[in-house]
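K.L.:
quick check, what structure comes out for this input:
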Amino acid sequence: MREAMNCYMASAYRGCVVLSYIALFDDLLAKLGELGKVNAAAKTIHMDATKRKGNQDVFESYLMDQLGSNNLISGLDVDFLTTLRKLRNKSAHPSGHKPSPEEARFIFYETITRFLSRPILSTTQLVGEIVVRLSNVNFFPTIVFEEMKAIVEEEISPLHDEAIPQLIAKLVVAITSTDPTLAKNSSYFLIGLALLDQDLVSKELRTRVLTAKSDDPQYSPIVVQLLSANGKLIIGLTPACLARIRQVLSKQIDDITPALTESKLLHPTSALTSIVVHLDEAELLTNFKSELEKLFDKRPYSQKLVRALINRPTTFASYFSTILGKAGSSDFGTANAFANAIEDISAELSALASEEQAFQLLVAVLQAASWGAFDAKGLRQAKFASIPELRAKAITFATASAAAASAYLADKLNLPISGENFVDEYFTDEHARYTGRCAIKPRSVR
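P.N.:
Numbering: from 1, shown residues only. Down below sits the predicted model:
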């Protein structure tokens, strides 16, 4: 291109056009060679074009046609290459055509701006530049998800799609770097890619991280974080890979500490709730039933977890069984923990629980209170006023299904009492009763 410019400055416009043409196709061939490292079609085209060039055959038309038919460059770029080839042929052969200064400038300018300066094909250089810059402490000035996603989207925008596998492969290696900034930012970049939720990117994350690295303990954190960022990544994984991921999640659940909050992508609750939302329930229970049950036991009062169970009735039934046991536990610590936490998840829980389940849950609290659990006794004394949604559902069941409620009370509390009388005794708070906010009429006797 320097020689082409010299030709232009010397008014040798024909030479400017021809040299620009040569530089452009040499550049295309070089970029195609890099792309061939991750793309089979590009590899075949590069080999054939290089062979033609080595044999002094015309390779430019073949290269242009193959790039266009394989969607390795845009249709508009193909049109420009066609125009350039015609102008070059007129200029290089005795056609009588005399290139003008404007024509030479146009060819020179478009060759640089449309091709040489742009990664129209995957290039090792651009991917390498991104990875090198990940050592900069301010590469991710924030780890707010939307801003991380925006940064990653901007960084990969100049890359051809076929560069993504190469980029992810380099990021995976960089995670284990001894440079802590590079390792941390590489993880953030992968998380940002997951947040993009693009089919091509997700496919490569499944292949190059979840499938290739789920058996390596040093990659367990990024496996959990990617699933937290995008639970859809779990779809389509092989049984062997799913088994390894289950083991990763199980260990993360075992290692939960109070210092790790659920807002962190590394928290197993974050990963499993993301999976729950995106996976069909039948497939969810086939693959993650044990891990979910372990999480239910470890994090039973997680609002995030309860909210994720909407439209997952079978999974919720398993969760409900866990908290029902905790609510009525004979262990004071367990029963009191439930009584202390129930107010925080009351709204979420009442949205999912049936009227019968709400009734059973409150009866379980009364059972724990009868055994002496202090905080359960506090709920009983307050007539469950702090959890009005669940209480309202329990009252509805006790009055509408009085026979079933009475049978349940006789079994669990050994109380020979009707459902309606039980409501007056344990669920109706005095203030609500006498200000007309409770539909249950007071009864003087049991």
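K.L.:
where along the stretch 251-400 of the chain do the helices fall?
P.N.:
Per DSSP state H, counting those that start in this stretch, the stretch 251-400 of the chain carries helices over the ranges 268-278, 281-298, 303-308, 313-327, 332-352, 355-370, 374-381, 388-400.
K.L.:
the second one packs against which elements?
P.N.:
This points to helix 281-298. The elements that helix 281-298 packs onto, with contact taken as 3 or more Cβ pairs under 8 Å, 6 or more residues apart in numbering; DSSP states H and E, are helix 239-254, helix 268-278, helix 313-327. For every residue, glycine as well, the C-beta is placed using N, CA and C.
K.L.:
dump the helix or strand hosting Asp65 to CSV, restricted to CA.
P.N.:
In the assignment (DSSP states H and E), Asp65 maps to helix 60-69. Taking Å, rounded to 0.1, in the frame of the first residue of the first chain, the C-alpha atoms of helix 60-69 are listed here in CSV:
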residue,chain,number,x,y,z
GLU,A,60,-8.4,-14.0,-6.7
SER,A,61,-11.7,-14.8,-8.4
TYR,A,62,-11.8,-18.2,-6.7
LEU,A,63,-11.1,-16.6,-3.3
MET,A,64,-13.7,-13.9,-3.8
ASP,A,65,-16.4,-16.4,-4.8
GLN,A,66,-15.7,-18.8,-2.0
LEU,A,67,-15.6,-16.1,0.7
GLY,A,68,-19.0,-14.9,-0.5
SER,A,69,-20.7,-18.3,-0.9
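K.L.:
just after that helix, pick out the following helix or strand.
P.N.:
According to DSSP H and E, the helix or strand after helix 60-69 is helix 75-92.
K.L.:
tell me the helix or strand right after that following helix.
P.N.:
With DSSP H and E, the next secondary element past helix 75-92 is helix 101-110.
K.L.:
for the next helix or strand after that next one, buried residues please.
P.N.:
Next along the chain after helix 101-110, taking DSSP H and E as the criterion, comes helix 124-133. Neighbour-count burial for helix 124-133 flags 126-127, 130-131 (criterion: 16 or more other Cβ atoms under 10 Å).
K.L.:
swap in stretch 157-172?
P.N.:
For stretch 157-172, by 16+ other Cβ under 10 Å, it's 159-160, 162-172.
K.L.:
so which helix or strand of the protein has the lowest pLDDT on average?
P.N.:
helix 430-434 (a mean of 42; mean pLDDT, DSSP states H and E).
K.L.:
dump the helices of the stretch 251-400 of the chain to a markdown table, plus mean neighbour count.
P.N.:
A markdown table is the format used below for those (neighbours: other Cβ atoms under 10 Å):
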| stretch | mean neighbour count |
| --- | --- |
| helix 268-278 | 23 |
| helix 281-298 | 17 |
| helix 303-308 | 19 |
| helix 313-327 | 17 |
| helix 332-352 | 18 |
| helix 355-370 | 22 |
| helix 374-381 | 18 |
| helix 388-400 | 21 |
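K.L.:
those into TSV, with extra columns for distance to Glu102 and mean pLDDT?
P.N.:
What follows is the helices of the stretch 251-400 of the chain, written out as TSV (distance: least, Cβ to Cβ, whole Å; pLDDT from 0 to 100):
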stretch	distance to Glu102	mean pLDDT
helix 268-278	56	96
helix 281-298	63	96
helix 303-308	64	95
helix 313-327	70	96
helix 332-352	70	95
helix 355-370	80	95
helix 374-381	86	94
helix 388-400	76	93
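K.L.:
Leu242: which of the ones you listed is closest?
P.N.:
When the helices of the stretch 251-400 of the chain are compared by Cβ to Cβ, helix 281-298 sits nearest Leu242, at 5.3 Å.
K.L.:
for the closest one, the distance to its chain's centre please.
P.N.:
Its chain's C-alpha centre and that of helix 281-298 lie 19 Å apart, by Cα atoms, centre = their mean, to the nearest Å.
K.L.:
please put the alpha-carbon coordinates of it into CSV.
P.N.:
Written as CSV, here are the backbone C-alpha positions of helix 281-298 (Å, rounded to 0.1, in the frame of the first residue of the first chain):
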residue,chain,number,x,y,z
GLU,A,281,-39.2,-29.6,35.2
ALA,A,282,-39.0,-33.2,34.1
GLU,A,283,-35.5,-32.8,32.9
LEU,A,284,-34.7,-30.7,36.0
LEU,A,285,-35.7,-33.4,38.4
THR,A,286,-34.1,-36.2,36.4
ASN,A,287,-30.7,-34.4,36.5
PHE,A,288,-30.7,-32.2,39.6
LYS,A,289,-33.2,-33.6,42.2
SER,A,290,-30.5,-34.6,44.7
GLU,A,291,-28.8,-31.2,44.5
LEU,A,292,-32.0,-29.3,44.8
GLU,A,293,-33.0,-31.3,47.9
LYS,A,294,-29.6,-30.7,49.4
LEU,A,295,-30.0,-27.0,48.7
PHE,A,296,-33.6,-27.0,50.2
ASP,A,297,-32.1,-28.3,53.4
LYS,A,298,-29.2,-25.9,53.4
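K.L.:
just want the angle from it to helix 268-278.
P.N.:
Put simply, helix 281-298 runs at 160 degrees to helix 268-278, going by axes from the mean of the first three to the mean of the last three Cα atoms, to 10 degrees.
K.L.:
tell me the angle helix 281-298 makes with helix 313-327.
P.N.:
Using the same axes, to 10 degrees: helix 281-298 against helix 313-327 is 10 degrees.
K.L.:
next, the angle helix 239-254 makes with helix 281-298.
P.N.:
Using the same axes, to 10 degrees: helix 281-298 against helix 239-254 is 20 degrees.
K.L.:
what does helix 281-298 rub up against?
P.N.:
Helix 281-298 has contacts (Cβ atoms under 8 Å, 6 or more residues apart in numbering) with 242, 246, 249-250, 253, 256, 268-269, 272, 275-276, 279, 305, 311-315, 318-319, 322-323.
K.L.:
before we move on, what about stretch 84-99?
P.N.:
For stretch 84-99, contacts defined as Cβ under 8 Å, 6+ apart pick out 13-14, 16-18, 20-21, 24, 60-61, 64, 103, 107, 110-111.
K.L.:
so where's the stretch 101-250 of the chain shaky on pLDDT?
P.N.:
Scanning the stretch 101-250 of the chain for pLDDT under 70 picks out the ranges 119-125.
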